[in-house]
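**Q** here is a sequence with its predicted model. Questions after.
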Amino acid sequence: MRGCVSQVWLERQARNAPDGRVLLHYRGDSDSHLVRGLVAIAIALYSDHTAKEILATDAFAVFRELGLEQHLTPQRSNGVRAMIERIRADALAPV
């Protein structure tokens, strides 16, 4: 992801739910243990949801609610923002 010193890898896969909805499934990793945890939180928020649900989820509010935002350096915050924006862009892209 751009904006973060650490490397982040995200993979999106579209899956059909039994009710016919298309769910976006994410997998991710990082070369940093801290960032790997942030990736895991983002994946827990967004994975296996519809594009509409993803776009309706405010990850930044969740990160603030968890108190994480105040503990992240500006560079890490930029990296989180880039990761969330990438996931949201995936939700807007055709499947």
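**A** In hand now; what should we look at? Residues are numbered from 1 along each chain as shown.

**Q** shaky segments in this protein?
**A** For the chain, applying pLDDT under 70 flags the ranges 1-4.

**Q** surely residue 17 and residue 23 touch.
**A** Yes. Between residue 17 and residue 23 a contact is recorded at 5.2 Å, counting by CB atoms under 8 Å. Glycine gets a C-beta too; all of them are placed from N, C-alpha and C.

**Q** higher neighbour count, the two?
**A** Taking other CB atoms under 10 Å, residue 17 and residue 23 do not tie; residue 23 has more neighbours (18 against 10).

**Q** any idea how far residue 56 is from that one?
**A** To residue 56, residue 23 is 14 Å away according to CB to CB, to the nearest Å.

**Q** shouldn't residue 75 be in contact with residue 5?
**A** Yes. Counting by CB under 8 Å, residue 75 touches residue 5, with 6.0 Å between them.

**Q** and the residue nearest the centre of this structure?
**A** The centroid of the chain falls nearest to residue 42 when counting by CA atoms, centre = their mean (3.8 Å).

**Q** which SSE is that residue in?
**A** In the assignment (DSSP states H and E), residue 42 maps to helix 33-46.

**Q** likewise for residue 23?
**A** strand 22-30.

**Q** again, but for residue 14
**A** strand 8-16.

**Q** in its sheet, which strands sit next to that strand, and in what direction?
**A** When pairing is defined by DSSP bridges, strand 8-16 lines up against strand 22-30 (antiparallel).
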